[in-house]
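Engineer: Sequence plus the predicted model coming up.
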Amino acid sequence: MSITRRSLLAGLAALTLGTAAPAWADAPPMPPSTRIATNGVTLNVFEAGSGPAVVLLHGFPGLAYTWRHQIPALVAAGYRVIVPDLRGYGASDAPSGIEAYDIDDLTGDVVGLLDRLEIREAVFMGHDWGGLLAWQMALLHRDRVAGVISLNTPHVPHWGLWLHPAIVGPALGDGKTFTADPQADPIAQMRKVYSPDMYVLMFQDGDRADRAMDADPRTTIRSAYRKDLMRSSEWGNLPAFVTNMEYYGKPIPAELPGKDVLDAEELDVYAKSFARTGFTPAINWYRNITSNWKAGLGVDQHVRVPALMISAEHDVVLRPALTDGMPGLVPELETHVVPDAWHWTPEEKPDEVNRLAIDWLRRTHPVR
């Protein structure tokens with residue numbers, strides 16, 4: 001039976017890592033990068049092109065390299081593309097301490113980056129956690145955001161993404177329902193819905209996930225970056241450990257289901273980078289969900305900039321159904337669903353993503 005994208009990360013054998021090569025030593029071509037100091041950290045930032053600014057924000061566990069297919073297409077369309085390794089990733093700084101990865105710091109890094117580059121406002125295009133960051137930029141720093149393009153990640157108010165009925169229902173089973181309360185801690189509510197081994201909850205409770213992922217970064221990345229897995233319609237019929245998103249502590253199949261998203265050279269880029277940094281800084285983004293929720297309680301959750309939402313048909317967690325409530329929160333919203341796509345949309349379906357993004361940009365933020 002095929003299992004989901006992060007369930008394949010589970011049960012990694014403890015392996016001794018050799019000395020990691022520099023993260024970008026063998027990478028396919030990327031634009032030149034520079035190190036830019038912002039908000040108390042230094043980010044590794046790739047930049048190319050000229051014209052209206054588009055900032056690309058990668059997800060978990062990604063890198064600026066996630067956007068290698070989008071960068072040349074956006075530049076050719078006349079846009080200035082800025083692509084950071086975000087705080088805790090790649091060649092950017094990774095401060096110690098969980099609190100260093102809260103939403104104030106994450107958005108502050110991006111605002112400071114715009115300041116250093118003398119850019120008044122930009123379109124923010126994000127995938128996975130990068131999509132969450134793009135939506136939060138629109139809520140917390142509206143004056144710096146010209147628009148949002150989110151891949152896979154919908155805007156769900158008050159950090160209620162993992163409490164949406166579309167994914168809570170299968171986890172509860174037996175036709176049970178749960179109504180989320182935006183005024184209550186989302187992590188506390190998730191503990192009422194999911195098992196303790198649900199991946200977001202496991203990230204809150206010790207370092208078991210960190211150690212499992214760090215044991216063999218190459219296998220971690222390869223087993224996560226899968227496509228051609230189950231259809232989202234099959235999700236509710238799977239065992240409880242799958243619908244509860246228990247992605248660690250489960251054996252990895254001898255043969256991974258589905259197909260690789262990354263070829264060997266691309267996989268090397270990710271593996272070398274995470275062998276150097278470990279996964280803890282990236283996981284620390286999840287460990288601030290409660291503090292992020294508290295910080296946003298008094299913040300209007302309406303996104304008042306033009307926005308493009310690109311969902312993937314078969315992403316079983318960030319499924320298209322999670323976007324159902326968005327039109328009431330994002331008045332200038334356009335939505336699309338990429339067929340036969342799973343979670344890693346920028347890399348699985350780059351041509352379709354580029355076509356949709358550039359078409360929307362040309363209509364909403366034309367090159368003069």
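Structural biologist: Structure's in. What do you need? Nothing here was measured: the structure is a model prediction, and the numbers come from that model. Numbering: from 1, shown residues only.

Engineer: alpha carbons only for contacts and neighbour counts from here, please
Structural biologist: Noted.

Engineer: from memory residue 299 sits against residue 139, does it?
Structural biologist: Yes. Counting by C-alpha atoms under 8 Å, residue 139 is a contact partner of residue 299 at 7.3 Å.

Engineer: So between those two, which is more surrounded?
Structural biologist: Shown here are residue 299 and residue 139; by other C-alpha atoms under 10 Å, residue 139 has more neighbours (19 against 13).

Engineer: Now for the more buried one: which residues touch it?
Structural biologist: Taking C-alpha atoms under 8 Å, 6 or more residues apart in numbering, we find residue 139 in contact with 299-303.

Engineer: Tell me the first helix or strand C-terminal of the helix or strand hosting it.
Structural biologist: In the assignment (DSSP states H and E), residue 139 maps to helix 129-140. Moving toward the C-terminus from helix 129-140, the next helix or strand (DSSP H and E) is strand 145-151.

Engineer: okay, that next one in CSV with CA atoms only?
Structural biologist: Extracted in CSV, the C-alpha atoms of strand 145-151 (Å, rounded to 0.1, in the frame of the first residue of the first chain):
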residue,chain,number,x,y,z
VAL,A,145,3.3,43.1,-0.2
ALA,A,146,2.1,43.7,-3.7
GLY,A,147,0.5,40.3,-4.1
VAL,A,148,0.7,36.6,-3.0
ILE,A,149,1.1,33.5,-5.0
SER,A,150,0.8,30.4,-2.8
LEU,A,151,1.5,26.9,-4.0
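
Engineer: Quick one: list the elements packing against that strand.
Structural biologist: Helices and strands touching strand 145-151, by 3 or more C-alpha pairs under 8 Å, 6 or more residues apart in numbering; DSSP states H and E, are strand 122-127, helix 129-140, strand 307-312.

Engineer: list the buried ones in the last one?
Structural biologist: Neighbour counts using 16 or more other C-alpha atoms under 10 Å place 307-312 of strand 307-312 among the buried residues.

Engineer: of all those residues, which comes closest to residue 335?
Structural biologist: residue 309 (4.7 Å; C-alpha to C-alpha).

Engineer: What sits closest to the closest one if chain neighbours are left out?
Structural biologist: Nearest in space to residue 309, with sequence neighbours left out and distances taken as C-alpha to C-alpha, 6 or more residues apart in numbering, is residue 335 at 4.7 Å.

Engineer: Three-state assignment for the spatially closest residue to residue 137 that is not a sequence neighbour, please.
Structural biologist: Excluding the flanking residues, the one nearest residue 137 by C-alpha to C-alpha, 6+ apart is residue 107, at 6.1 Å. Secondary structure, DSSP: H, G, I helix; E, B strand; the rest coil: residue 107 is helix.

Engineer: ditto for residue 93
Structural biologist: In three-state terms, and counting by three-state DSSP, residue 93 is coil.

Engineer: Isn't it up against residue 45?
Structural biologist: No. Contact criterion C-alpha under 8 Å: residue 93 and residue 45 do not qualify, at 11.5 Å.

Engineer: The helix or strand of the chain with the lowest mean pLDDT packs against which elements?
Structural biologist: Using mean pLDDT, DSSP states H and E, helix 240-243 stands out as the lowest-scoring helix or strand of the chain, at a mean of 73. Using 3+ C-alpha pairs under 8 Å, 6+ apart, the elements in contact with helix 240-243 are helix 165-172.

Engineer: so where's the stretch 1-150 of the chain uncertain?
Structural biologist: Scanning the stretch 1-150 of the chain for pLDDT under 70 picks out 1-28.

Engineer: residue ranges of the helices in it, please?
Structural biologist: Using DSSP state H, counting those that start in this stretch, the helices of the stretch 1-150 of the chain run over residues 70-76, 103-116, 129-140.

Engineer: buried stuff in the shortest one?
Structural biologist: Residues of helix 70-76 classed as buried under the neighbour-count rule (16+ other C-alpha under 10 Å) are 70-75.

Engineer: Now render those as JSON lines, adding distance to residue 365.
Structural biologist: Converted to JSON lines, the buried residues of helix 70-76 look like this (distance: C-alpha to C-alpha, whole Å):
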{"residue": "70", "distance to residue 365": "17"}
{"residue": "71", "distance to residue 365": "17"}
{"residue": "72", "distance to residue 365": "18"}
{"residue": "73", "distance to residue 365": "16"}
{"residue": "74", "distance to residue 365": "12"}
{"residue": "75", "distance to residue 365": "14"}
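
Engineer: ok so, going back, distance of the residue nearest to residue 309 from residue 342?
Structural biologist: According to C-alpha to C-alpha, to the nearest Å, residue 335 stands 17 Å off from residue 342.

Engineer: And for residue 231?
Structural biologist: Distance of residue 231 to residue 342, given as C-alpha to C-alpha: 9 Å.

Engineer: Roughly how far does the closest residue to residue 245 other than its chain neighbours sit from residue 191?
Structural biologist: Excluding its sequence neighbours, the residue lying closest to residue 245 (C-alpha to C-alpha, 6+ apart) is residue 198, at 5.0 Å. Between residue 198 and residue 191 the computed distance is 9 Å (C-alpha to C-alpha).
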